[in-house]
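>>> Sharing a sequence plus its predicted fold:
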Amino acid sequence: MTTVLVVGATGKQGGAVARLLLDHGHAVTAFVRAPSSPAAAARGADAVFGLSVPFGAGGVAEEVAQGRVLVDTAAKAGAHLVYSSVRGADRAVATDIGHADSKQSVEAYLRARDDLRATVLGPVYFMRTR
């Protein structure tokens, strides 16, 4: 059985990933933002699913920092990282769209690592089904 650390497991995207993994028999450790929640660690995880968001007080700079911590944490744990990014963030051309440019920075940081197995998802739009 694969053990997956899901960052943002109480959000829409992370929650959907966590539910799907559980439905398929995987062990899931949920990492959430609530300061009152017990600490979660990537130790023992085979894989880490995560995303970074620019919506906090620190904006896109905080998102880049979140993404780098995610990359570093997965590498330190020896886990396969699945990073949810955006379409086109694999390019090194500024878009003038804050959250796209910040994800470019995270992806560049990720590509520079030779100690990490990773998959980057680059969806165009997120859709909600009823």
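All right, it came through fine.

>>> where do the helices sit along this structure?
12-23, 59-77, 98-111 (DSSP state H).

>>> Quick check: bridge partners of Gly50?
Tyr83 (DSSP bridges).

>>> pLDDT score for it?
At Gly50, the pLDDT value in this model is 93.

>>> which strands and helices sit next to the worst-scoring helix or strand of the chain on mean pLDDT?
Every helix and strand of the chain was ranked by mean pLDDT, DSSP states H and E. The lowest is helix 98-111, at a mean of 84. Helix 98-111 sits against helix 59-77, strand 80-84, strand 118-121, with contacts defined as 3 or more C-beta pairs under 8 Å, 6 or more residues apart in numbering; DSSP states H and E. Bear in mind the C-beta positions are built from the backbone N, C-alpha and C, glycine included.

>>> want to throw those into CSV with mean pLDDT?
Output for the helices and strands packed on helix 98-111, formatted as CSV (pLDDT from 0 to 100):
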stretch, mean pLDDT
helix 59-77, 92
strand 80-84, 95
strand 118-121, 93
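
>>> closest to Val28 out of those?
Val28 sits nearest to strand 80-84 of all those, at 12.9 Å, using C-beta to C-beta.

>>> List every C-alpha atom in that closest one, with coordinates, as CSV.
Only the C-alpha atoms of strand 80-84 are listed here, as CSV (Å, rounded to 0.1, in the frame of the first residue of the first chain):
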residue,chain,number,x,y,z
HIS,A,80,7.8,11.2,-5.1
LEU,A,81,6.3,14.7,-5.4
VAL,A,82,3.2,15.4,-7.3
TYR,A,83,3.0,19.2,-7.6
SER,A,84,-0.2,20.8,-8.9
